[in-house]
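Enquirer: what would the 3D arrangement of this be:
(one chain, ligands or ions: 1)
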Amino acid sequence: MKISRIESILLKNAPGRIFEDAQHPFGTGTEELYLRVHTDEGVTGHASIGFGVGLHGARAVREIIDRQCAPLLLGQDPFQPRACRERLAAELEYAGIEGLAHFAMTGLDTALWDIMARALGVPGWRLLGACRDRLPTYAMVGWYYPEDDELHLDGYQRAIEAALADGYAGVKIKVGRGSLDEDVRRIELAQALVGEGPVMVDANQVLSRNEALRRGLVYEELGVAWFEEPLRPHDKPGYAWLCQQLALPVAAGENEYGKYHVYELLTAGGCDILQPDRRRTAGPSEWMEIAGLAAAMHVPIASHGGDLATVHLLMATPTAIWCETGGVPKGPGATVERTRIENGWVYAPEAPGFGLELREESIARRAI
Ligand SMILES: [Mg+2]
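Expert: Have a look, this model is predicted:
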């Protein structure tokens, strides 16, 4: 089988309801890149690359794919994804292998794995070597909402209540934007709503080392389940220091680009829970290498994000403990397949592939 054509389609996601973490506003409108990698045997692999914030990242990734990557992959065997990845890495290395180049490699590697799974007629998680067929999932819902302020958290409360009504047993909430007193109010309200289930907190990189320790000790006392991204991702010595200071598990890794940075984080002792983002791992090939590093060091993995491709990867990740999702899908959604979430569990999909094929209507409505 040979790769015969690579199609890159730019899509636009319209602005919607605004919500924020400690660093970024979301819902302001983004672009997304959809890839279809065709073969001479009629099997097509699908992948998408989305960005939570930043309007034009997908356009830059498309240029990298169309001009630099596609010529290298045409005629190659999609059943050799790691060989393809090495060709791409050698081509992209001189201009910088991290950031957008990693997103490009992720898209292409994911599409190649999708081709393999479809050609063999198996879901991605079975092809990768499964550990399980379901995993606990929590809802990322406790954002900063425009209708709320430091003392009034009606929008925040409604979002958590909606997640609990959907059957989630736990939630993750944002902290770190305001005072520690505000954080405590948010945590205590979430815990009162959730009851026995876990409440995780995420500071999205905004704290100094000393402030992370000051707040972390309070979160620990409150019984928070984990403290996510307190520091900037490059401060691995800071993460290692914080992990030493706190019994509260520190979670990090969503902004690490590939296995070399994850290796640095893990060997520094910089996280108690590793949180790979599949868009930044350079695809299933490198996700599984990262999963092997974490398994060797007995570090649990909780994903950043929970699209269908991430669900496939987690089912084959030895130390996976949680899948992050944004809520039970409502309506038809963008993809042909739907994520199945019931009673706090996300279930392994059974259709062949990695679940990222988009519905034609969704493409037609959003194509630029
Ligand atoms: Mg996070």
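Enquirer: could you list the buried residues of stretch 4-14?
Expert: 6, 8-11, 13 (16 or more other C-beta atoms under 10 Å). Heads up, the C-betas are built off the backbone N, CA and C, glycines and all.
Enquirer: bridged to the residue of the chain found nearest the ion, which residues?
Expert: The minimum distance from the chain to the ion, using C-beta to the ion, falls at Asp202 (4.4 Å). Counting by DSSP bridges, Asp202 forms beta bridges with Lys174, Glu228.
Enquirer: how about stretch 342-351 as CSV, C-alpha atoms only?
Expert: Written as CSV, here are the backbone C-alpha positions of stretch 342-351 (Å, rounded to 0.1, in the frame of the first residue of the first chain):
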residue,chain,number,x,y,z
GLU,A,342,-22.1,6.5,30.7
ASN,A,343,-22.1,6.7,34.5
GLY,A,344,-18.6,8.3,34.7
TRP,A,345,-17.0,5.9,32.2
VAL,A,346,-15.8,6.4,28.7
TYR,A,347,-16.0,3.3,26.5
ALA,A,348,-13.6,2.0,23.8
PRO,A,349,-15.2,2.6,20.4
GLU,A,350,-15.8,-0.5,18.2
ALA,A,351,-15.6,1.0,14.7
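Enquirer: so what's the gap between it and the chain middle?
Expert: Relative to its chain's centre, stretch 342-351 lies at 17 Å (C-alpha atoms, centre = their mean, to the nearest Å).
Enquirer: show me what the mean pLDDT comes to for it.
Expert: Mean pLDDT, computed over stretch 342-351, is 96.
Enquirer: next one: stretch 282-301
Expert: Here the average pLDDT along stretch 282-301 is 97.
Enquirer: contacts for it, please.
Expert: By C-beta atoms under 8 Å, 6 or more residues apart in numbering, the residues outside stretch 282-301 that reach it are 81-82, 85, 102, 105-110, 112-113, 124, 128, 257-259, 262-263, 266, 271-276, 278, 281, 309, 312-314, 316-321, 354.
Enquirer: could you chop the protein up by domain?
Expert: 3-121+359-366, 126-347 (automatic domain parsing).
Enquirer: winner for burial among those?
Expert: Comparing these by mean neighbour count (mean count of other C-beta atoms under 10 Å), domain 126-347 comes out on top with a mean of 19.
Enquirer: quick one: end-to-end length of it, please.
Expert: In domain 126-347, first residue to last residue: 13 Å (C-alpha to C-alpha, to the nearest Å).
Enquirer: likewise for stretch 22-41?
Expert: Span of stretch 22-41 from end to end, C-alpha to C-alpha: 48 Å.
Enquirer: next: stretch 72-81.
Expert: Taking C-alpha to C-alpha, stretch 72-81 runs 13 Å from one end to the other.
Enquirer: give me the mean pLDDT for stretch 197-215.
Expert: 98.
Enquirer: now that stretch - C-alpha only, PDB.
Expert: Output of stretch 197-215 as PDB, limited to C-alpha atoms (Å, rounded to 0.1, in the frame of the first residue of the first chain):
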ATOM      1  CA  GLY A 197     -16.300  12.200  43.900                       C
ATOM      2  CA  PRO A 198     -12.900  13.800  43.100                       C
ATOM      3  CA  VAL A 199     -12.400  17.600  42.500                       C
ATOM      4  CA  MET A 200      -9.200  18.400  40.600                       C
ATOM      5  CA  VAL A 201      -7.800  21.900  40.200                       C
ATOM      6  CA  ASP A 202      -5.900  23.500  37.200                       C
ATOM      7  CA  ALA A 203      -3.900  26.700  37.500                       C
ATOM      8  CA  ASN A 204      -2.800  26.800  33.800                       C
ATOM      9  CA  GLN A 205       0.800  27.800  34.500                       C
ATOM     10  CA  VAL A 206       0.200  31.200  36.100                       C
ATOM     11  CA  LEU A 207       1.700  30.800  39.600                       C
ATOM     12  CA  SER A 208       5.200  31.400  40.900                       C
ATOM     13  CA  ARG A 209       6.900  28.600  42.800                       C
ATOM     14  CA  ASN A 210       6.200  30.200  46.200                       C
ATOM     15  CA  GLU A 211       2.600  31.000  45.400                       C
ATOM     16  CA  ALA A 212       2.100  27.400  44.000                       C
ATOM     17  CA  LEU A 213       3.400  26.000  47.300                       C
ATOM     18  CA  ARG A 214       1.300  28.400  49.400                       C
ATOM     19  CA  ARG A 215      -1.900  27.500  47.500                       C
END
